[in-house]
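**Student:** The sequence isn't on hand, but the structure is:
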């Protein structure tokens, strides 16, 4: 045995593993056990310290006590728990029992491993939000069966809140004590994650004194990271950042502190914030599908197929005018065939330069901005696309899911500070069918002639209303509506039915005009809450106008939430949030892997792909999913 007091020195000892004599070697970054056979040492196995979940003293024939963190004197047995790769993208917990002959060797290795693990940045205290009605209503069972035992094993202190209504988590986050919290964990689907995301970002802006109703405000980056344990019906965020929807894999990534930064977009109307988004904003086909699916909730998840079929048969198109700020990175475009996976170059490109311009407060928060702040009145840098479209989608990620593994825009990146603007020219039903078939078969629809795609940093969307409807739109602009940040529409109705309550307004609410007098920025319907007792004749007139306008103006599906404002601005804030995830581990060297942000787990066993894609000139492309982006 090497007598060493510092973890930086190599520790060697002899112990029995699975009844076999082994040499135990602990270096700073790994623990190895080498089997001894016929007087020769043979390699048997190893575990990187970044993968070690816990080291506990154990005793043969007795139950393991996960609450015991001290190794008693004269103790000769240790159990090491670590995460191993079970299959592609999947991880499982593995354990190895070390039986020493000398108690001092057991004590020394225990102290060395505990000291080394203490130096790794991991969450020690988390607040868990569980959505009991999302997806298939299995979130409480998933947490108790899979997540809670792992948290206890890793000595992660978890405070649990089971949400009781829509927006409950968002409301709690406005006044919750967060000084001792390292992370927030959502056990649910995409809707639960986006509720917590909006709550955390709103709280951070309030604490930092940022006025979210000021035009083109710059948000402050939260200190706290967010983790997701998949328990929804779509789980697009988890699938896009891990390649799977396995609760154990996501739990282990949270415990091990694997963290990546991802972009967030602010959705604004008339200079005021409506909500934050991290997945996609869809207008036209996907917006109509989500709206219609709300009337079919009794059908369960199949309602999306029925609603999508109805919208397919209606084959509506909408007049739109879109101003966009194109990306200045010539090496980063939607058709470069690069995938956003772990540890690569696209999302990390320029991060160092951006970080020098960020305003840090006590090392915890940073001002997240784009590479540049463009003047919206400078027509020389802005471009415009106008026409009659069946769908418009702003993708902040590939929008992949278990049902559509390639996603809407396969080469979109999570942390490059850009979004992919997909516009689909209105045409025959056969055109729409081609898109849906390609997406369902995991084939790219980006080369279809009626589809266009552009990579940009910001968009300004305005619907085009027929001349005979402009007067009606202007009348509606005299009345204001309140749009609240809220959980995905599917979760809202589920929770309201479960509790027998009506919708709950949030804190804070954001007030903005329903329809911009110059650009028709939105619609007023039954979901909007009047600020004063309504006049019956006025409500009847508004309802008639809304029905007439609805034939020419669609709604937005923003991360599965219905937003009735049609005219919105979407601004991307680069790597505004930190997510507990590893990024997809991709072994296809023919493509460039890319997942932005700072990975806290630099590991020599996970090399990044270095192959660069062949440069291609952007060409018209887009994509369409058969179901809306709703939980």
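**Tutor:** Happy to help now that I have it. This is a predicted model, so every value here is computed, not measured. Residues are numbered from 1 along each chain as shown.
**Student:** May I ask you to confirm that residue 453 is in contact with residue 409?
**Tutor:** Yes - between residue 453 and residue 409 a contact is recorded at 6.7 Å, counting by C-beta atoms under 8 Å. No exception for glycine: its C-beta is placed from N, CA and C like everyone else's.
**Student:** Have a look at those two and say which one is more surrounded.
**Tutor:** residue 409 (30 against 27; other C-beta atoms under 10 Å).
**Student:** Residue 44 contacts residue 21, correct?
**Tutor:** No - with contact defined as C-beta under 8 Å, residue 44 does not reach residue 21; the gap is 10.7 Å.
**Student:** anything in contact with each of those two?
**Tutor:** residue 35 (C-beta atoms under 8 Å, 6 or more residues apart in numbering).
**Student:** separation between the most centrally placed residue in the chain and residue 60?
**Tutor:** Residue closest to the mean C-alpha point of the chain, counted by C-alpha atoms, centre = their mean, is residue 237 at 4.1 Å. To residue 60, residue 237 is 43 Å away according to C-beta to C-beta, to the nearest Å.
**Student:** Repeat that for residue 269.
**Tutor:** Counting by C-beta to C-beta - residue 269 and residue 60 are separated by 66 Å.
**Student:** more neighbours, those two?
**Tutor:** Neighbours were counted for residue 269 and for residue 60 using other C-beta under 10 Å; residue 269 has more, 21 against 8.
**Student:** What does the more buried one show for phi and psi?
**Tutor:** Backbone torsions for residue 269, taken as degrees, to the nearest 10, come to phi -140, psi 130.
**Student:** and residue 157, what does it touch?
**Tutor:** By C-beta under 8 Å, 6+ apart, the neighbours of residue 157 are 124-126.
**Student:** the bottom helix or strand of this structure by mean pLDDT?
**Tutor:** strand 510-513 (a mean of 33; mean pLDDT, DSSP states H and E).
**Student:** Now do the helix or strand hosting residue 117: which elements does it pack against?
**Tutor:** Following DSSP states H and E, the helix or strand that holds residue 117 is helix 103-118. Under the contact criterion of 3 or more C-beta pairs under 8 Å, 6 or more residues apart in numbering; DSSP states H and E, helix 103-118 touches strand 11-17, strand 20-26, strand 52-57, strand 77-87, strand 90-100.
**Student:** Which residue ranges of the stretch 201-350 of the chain form helices?
**Tutor:** For the stretch 201-350 of the chain, applying DSSP state H, counting those that start in this stretch gives helices covering 236-242, 247-255, 285-293, 303-314.
**Student:** could I get the ones you listed as TSV with distance to residue 389 and mean pLDDT?
**Tutor:** Listed next are the helices of the stretch 201-350 of the chain as TSV, based on distance: least, C-beta to C-beta, whole Å; pLDDT from 0 to 100:
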stretch	distance to residue 389	mean pLDDT
helix 236-242	23	89
helix 247-255	36	95
helix 285-293	9	89
helix 303-314	14	89
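**Student:** could the ones you listed go into CSV alongside distance to residue 339?
**Tutor:** Shown next, in CSV, are the helices of the stretch 201-350 of the chain (distance: least, C-beta to C-beta, whole Å):
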stretch, distance to residue 339
helix 236-242, 11
helix 247-255, 19
helix 285-293, 23
helix 303-314, 26
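**Student:** looking at these, which is closest to residue 150?
**Tutor:** helix 247-255 (4.9 Å; C-beta to C-beta).
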